[in-house]
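Participant: okay, predicted coordinates and the sequence, questions at the end:
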Amino acid sequence: MKTTQTIFQDGDHKWVAIVRDPGRQDYLIDTNEYLVTHSGQGLLVDPGGLEIFPAVFSAVATEFDPSAIAAVFASHQDPDVISSLALWLEFNPQMRCYISWLWASFIPHFGGNASTFSAIPDEGAAISVGGLSLQAVPAHYLHSSGNFHLYDRTAKVFFSGDVGAALLPSEQQDLFVKDFSAHIRHAEGFHRRWMGSNEAKRQWCERISQLDIDILCPQHGALYQGKDVQRFIDWFDTLHVGVLRG
Amino acid sequence: MTEQLTVAAGIEPKGSALDLLHIVRINEEIKAVVAVAFKINIMALNAIFLAKRAGTAALGFGVLSNELRSFSGQLRETMLSLNGLIHASVGEVSVLLLDSRYSSIFSAAAALVPASARLRSVIERREARTAEYRAKLSVLRRSLRSSVEDAFRLVELGGVLAKSAKIEAAYGASFSVSLSQVSGEFDGIVEEIRGSLDTLRKSRFFRG
């Protein structure tokens, strides 16, 4: 089963990271899921792949009533992000799925129908969770052509999807980055290969630098907090991406 | 035909996956029979012309050639009518395959969260639906089996026609050798189809 760690709490407003599954098969990439709760309602952020549904579901259930999850947010269309959708919808057919308009007719191949999807326009949109307003922030071409991140202005938490992801050795189980220089070596190859546009990356760095962020939460690997957030943005800004190797 | 299943090394298909492989084999055999039925039609047409050239000595052979031509048309139609059942069976088996995968994931989740009443109700709902899918597939299995039996009976009639044509060929006077050769080919092909359909009747899909 995955473990849950509360990374932000103010009354019933919470961000819970669902991380590190010791039972995960090695052939599946490790993923982080996040649960945002407010006023008794929940939003599951990048709910994960089909195969890890039991691990994510049980982890969520330790923190929150899964039937109170009103919606899922999918940063993009990848199977490790959203292929569990059919199972979540079977558990709660009223659940909505927020995703880029670009993928709104592709994702129903994983599950859902016309009433399931809230298509996010390219410029982004506000998403409400129990009265709390979150912002879907454009991150197109990082890496997907229709890609969004999620910002919680109140909690100062920024979910960054695949940006900031690191493929860590199995012995590195820390939730937060401890040593930025050592950590970023595990992120470099991933970002060079998976992030396809230097221009999109430049715009993203400018946009994100203007936000007040305490914790940056990627979909894979450790989370960045405090000064490591800006360190990461600066590092990413200078990295040449969209290359096969080197 | 031997019912051979091509599977990845070390992975034995079972349940619905095995059903799907059996259906694929049945479908391949049906396609082969349809192709041979068309061949009989052409052969019968040639036999009709040959009988006309042979004149009164091959009147009986001519009648049987006409019957064989009609038989090939009926056989082709019967085999093609199985396509709908095959298509429906593939649909039901595919649903069961996905259903079984999702059910096993839900069961794993329920084992980790046994207190979730809602999860239990999802599993109960799935079990009821799975039973419905299985019942539908069972009806399709019986219909397909019954249609294969009908085709088999038709081919037995074709066998009788081919053997009668062999006898009639003996009365073909100077055309006797040619007629015997044609009737021998008829008999061989009908036997080939008979063998294929006999294998289909014994498919393990019908034992499910």
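Facilitator: Perfect, thanks for sending it. Residues are numbered from 1 along each chain as shown, chains lettered A, B, ... in the order given.

Participant: ok, now how distant is residue B:73 from chain A?
Facilitator: Using CB to the nearest CB, to the nearest Å, residue B:73 is found at 42 Å from chain A. For glycine as for every other residue, the C-beta is placed from the backbone atoms N, C-alpha and C.

Participant: C-terminal to whatever helix or strand that residue lives in, what's the next element?
Facilitator: Under the criterion DSSP states H and E, the helix or strand holding residue B:73 is helix B:59-112. Using DSSP H and E, the helix or strand that follows helix B:59-112 in sequence is helix B:117-169.

Participant: that following helix vs helix B:59-112, what angle?
Facilitator: 170 degrees (axes from the mean of the first three to the mean of the last three CA atoms, to 10 degrees).

Participant: now the helix or strand residue B:181 falls within against helix B:117-169, angle please.
Facilitator: Assigned by DSSP H and E, residue B:181 belongs to helix B:176-201. Relative orientation of helix B:176-201 versus helix B:117-169 (the same axes, to 10 degrees): 160 degrees.

Participant: show me what helix B:176-201 is packed up against.
Facilitator: helix B:15-54, helix B:59-112, helix B:117-169 (3 or more CB pairs under 8 Å, 6 or more residues apart in numbering or on different chains; DSSP states H and E).

Participant: so for residue A:13, which of the ones you listed sits nearest?
Facilitator: Between residue A:13 and the helices and strands packed on helix B:176-201, the shortest separation by CB to CB is 24.5 Å, and it involves helix B:117-169.

Participant: rounded mean pLDDT for that closest one, please.
Facilitator: For helix B:117-169, the mean pLDDT works out to 94.

Participant: can you tell me which helices and strands that helix packs against?
Facilitator: helix A:85-91, helix B:15-54, helix B:59-112, helix B:176-201.

Participant: which of those sits most buried?
Facilitator: Ranked by mean neighbour count under mean count of other CB atoms under 10 Å in any protein chain shown, the helices and strands packed on helix B:117-169 are led by helix A:85-91, which reaches a mean of 21.

Participant: roughly how far does residue A:238 sit from chain B?
Facilitator: Taking CB to the nearest CB, one finds residue A:238 at 43 Å from chain B.

Participant: do the same with residue A:137
Facilitator: 32 Å.

Participant: what do you get for residue A:48?
Facilitator: 12 Å.

Participant: and that residue, that one's in a helix?
Facilitator: No: counting by DSSP: H, G, I helix; E, B strand; the rest coil, residue A:48 falls outside a helix, being coil.

Participant: what does chain A put close to chain B?
Facilitator: Counting by CB under 8 Å from any CB of the partner chain, chain A comes close to chain B at A:1, A:50-51, A:53-55, A:57-58, A:61, A:66-67, A:86-87, A:90-91.

Participant: those, buried ones only, as a PyMOL selection?
Facilitator: This is how PyMOL selects the buried members of these, with burial counted by 16 or more other CB atoms under 10 Å in any protein chain shown:
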select buried, chain A and resi 1+50+51+53+54+55+57+58+61+66+67+86+87+91
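
Participant: tell me the two of the residues of chain A next to chain B that are most distant?
Facilitator: So, those by CB to CB: farthest apart are A:51 and A:67, at 22.4 Å.

Participant: which residues sit against the lowest-mean-pLDDT helix or strand in chain A?
Facilitator: The helix or strand of chain A with the lowest confidence, counting by mean pLDDT, DSSP states H and E, is helix A:53-63 at a mean of 92. Helix A:53-63 is contacted from outside by A:1-4, A:6, A:14, A:16, A:18, A:21, A:23-24, A:33, A:35, A:37, A:42, A:44, A:47-48, A:66, A:69, A:84, A:87-88, A:91, B:105, B:108-109, B:111-113, B:116, B:119, using CB atoms under 8 Å, 6 or more residues apart in numbering or on different chains.

Participant: for it, C-alpha coordinates in CSV please.
Facilitator: Presented in CSV, the C-alpha positions along helix A:53-63 are these (Å, rounded to 0.1, in the frame of the first residue of the first chain):
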residue,chain,number,x,y,z
PHE,A,53,-5.7,1.7,-8.2
PRO,A,54,-5.9,-0.6,-5.1
ALA,A,55,-2.8,1.0,-3.6
VAL,A,56,-4.1,4.6,-4.3
PHE,A,57,-7.6,3.8,-3.2
SER,A,58,-6.6,2.3,0.1
ALA,A,59,-4.2,5.1,0.8
VAL,A,60,-6.9,7.7,0.1
ALA,A,61,-9.3,5.8,2.3
THR,A,62,-6.9,6.1,5.3
GLU,A,63,-7.2,9.9,5.1
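
Participant: show me what secondary structure element comes after it.
Facilitator: Criterion used, DSSP H and E; the element after helix A:53-63 is strand A:69-73.

Participant: which ones are touching the most centrally placed residue in chain B?
Facilitator: Taking CA atoms, centre = their mean, the centroid of chain B lies closest to residue B:30, which sits 4.2 Å from it. By CB under 8 Å, 6+ apart, residue B:30 lies in contact with B:79, B:82-83, B:86, B:200.

Participant: give me every residue that touches residue A:136.
Facilitator: By CB under 8 Å, 6+ apart, residue A:136 lies in contact with A:73, A:98, A:120, A:124-127, A:148-150.
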